[in-house]
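K.L.:
I would like the atomic coordinates for the input below:
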Amino acid sequence: MKKNSNIFFICIAVVLMTTGSFAQKQAIAPRDSVKAFFGGNKIFVNYGKPSMEGRKIFGEFVPYYKVWRTGNGAATTLTTDADIEIDGAVVPRGIYSLYTFPAKDRWKLIINKQTGQWGTVYNPQFDLARVDLDVKYLKSSVEALTFKIEKKSEGGGIFRIEWEQTELSAAFQISKDGLLPSPRDSVSVNLDGKIVSIDYSRPSMRGRKIMGGVVPYGKVWRTGANAATGLATAGDIRIGKMILPKGTYTLFTIPSAKEWKLLINRQTGQWGTVHNARLDMLALPMKIKKLAQAVEKFTIIIEKTGPRKGLLRLSWEKTEASIDFSLRAE
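P.N.:
Predicted coordinates:
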């Protein structure tokens, strides 16, 4: 009996030692941070710092085409005392979580408004912005994930992320006068007693190249800023040859140099960067017109062209996109 007891305790000891060894290998990487000051304003990144440990990182340990916490353990955070712009995206002073979307030759930096969560918790409805990262391949490997904030001047610098033989970077600028907000606005029209309305945010040009720049061609655009642009109609409406039943929807567009496409989507209440193509109700071409003078603030107008007819016009910079619609006969 005593011999059996000894064997039992030896087995328990072996299990504990094995478990401890496994846990040690799976231990959360140490936290690290980097900071820089711009005119007395601090920009600070805090992140978990995993190491390669002989593994192939990008494309395997960090898979392509999936959102990555860009670190280890708790979510990676960006704290900025100043309003900044990254690749045209407005980031007001505050605290954010940073994620990335890795791809073989093109990465995205995701700035998300949710904070305090574990790194694997990602809610796209809280995305503030997604910006392109420049990708460079290094001659020698970087063993541990490393963030850097490179100061170019008091007016801005470069965020850098290095691991394995990949370097990612994004330039940023400090806003001296504070960022202009993108206020919500709404427009509506009464067609034979039925209200058609659109609720949207109005970003400004602020000296930036908009079409083909801040608003890239060939990609789904929220058609505004911040939360998704909402469309509500109290009656069934005909757009082109398609019928949109009365209800509440989200409006997106796909801009291009020669033609725009209007997308009307069943999902509502989401952040503007969230687009589920499977929920698209309509996808229709819009007419394009070049304006003689630039429109500083993105503007949506619903113009009444008849008792039951209207014209939807979207204007920004020197581009106007439009499409006719009408109230369906009951």
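
K.L.:
so where's the stretch 151-300 of the chain uncertain?
P.N.:
Along the stretch 151-300 of the chain, segments meeting pLDDT under 70 span 176-181.

K.L.:
does residue 60 lie in a helix or a strand, and which?
P.N.:
Here residue 60 sits in a region with no helix or strand, counting by DSSP states H and E.

K.L.:
look up how far residue 165 lies from it.
P.N.:
14 Å (Cβ to Cβ, to the nearest Å). Backbone N, C-alpha and C define where each C-beta goes, glycine included.

K.L.:
spit out the contact partners of residue 117.
P.N.:
Counting by Cβ atoms under 8 Å, 6 or more residues apart in numbering, residue 117 touches 74-75, 97.

K.L.:
typed the wrong thing, it's residue 201
P.N.:
Residues near residue 201 by Cβ under 8 Å, 6+ apart: 182-185, 224-227, 229, 272, 298.

K.L.:
redo these as JSON lines? Include distance to residue 118 and secondary structure.
P.N.:
Shown next, in JSON lines, are the contacts of residue 201 (distance: Cβ to Cβ, whole Å; DSSP: H, G, I helix; E, B strand; the rest coil):
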{"residue": "182", "distance to residue 118": "30", "secondary structure": "coil"}
{"residue": "183", "distance to residue 118": "34", "secondary structure": "coil"}
{"residue": "184", "distance to residue 118": "32", "secondary structure": "strand"}
{"residue": "185", "distance to residue 118": "37", "secondary structure": "strand"}
{"residue": "224", "distance to residue 118": "31", "secondary structure": "coil"}
{"residue": "225", "distance to residue 118": "29", "secondary structure": "coil"}
{"residue": "226", "distance to residue 118": "26", "secondary structure": "coil"}
{"residue": "227", "distance to residue 118": "25", "secondary structure": "strand"}
{"residue": "229", "distance to residue 118": "32", "secondary structure": "strand"}
{"residue": "272", "distance to residue 118": "25", "secondary structure": "coil"}
{"residue": "298", "distance to residue 118": "36", "secondary structure": "strand"}
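
K.L.:
mark which of the residues you listed are buried, thanks.
P.N.:
If you count burial by 16 or more other Cβ atoms under 10 Å, the buried members of the contacts of residue 201 come out as 182, 224-227, 229, 272, 298.

K.L.:
name the element the residue lying closest to residue 99 once chain neighbours are set aside belongs to?
P.N.:
Excluding the flanking residues, the one nearest residue 99 by Cβ to Cβ, 6 or more residues apart in numbering is residue 110, at 4.1 Å. Using DSSP H and E, the element containing residue 110 is strand 107-112.

K.L.:
counting contacts, what elements does that strand pack onto?
P.N.:
strand 94-101, strand 127-153, strand 156-174 (3 or more Cβ pairs under 8 Å, 6 or more residues apart in numbering; DSSP states H and E).

K.L.:
so can I have JSON lines of those showing distance to residue 84 and mean neighbour count?
P.N.:
Formatted as JSON lines, the helices and strands packed on strand 107-112 follow (distance: least, Cβ to Cβ, whole Å; neighbours: other Cβ atoms under 10 Å):
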{"stretch": "strand 94-101", "distance to residue 84": "10", "mean neighbour count": "20"}
{"stretch": "strand 127-153", "distance to residue 84": "11", "mean neighbour count": "15"}
{"stretch": "strand 156-174", "distance to residue 84": "5", "mean neighbour count": "19"}
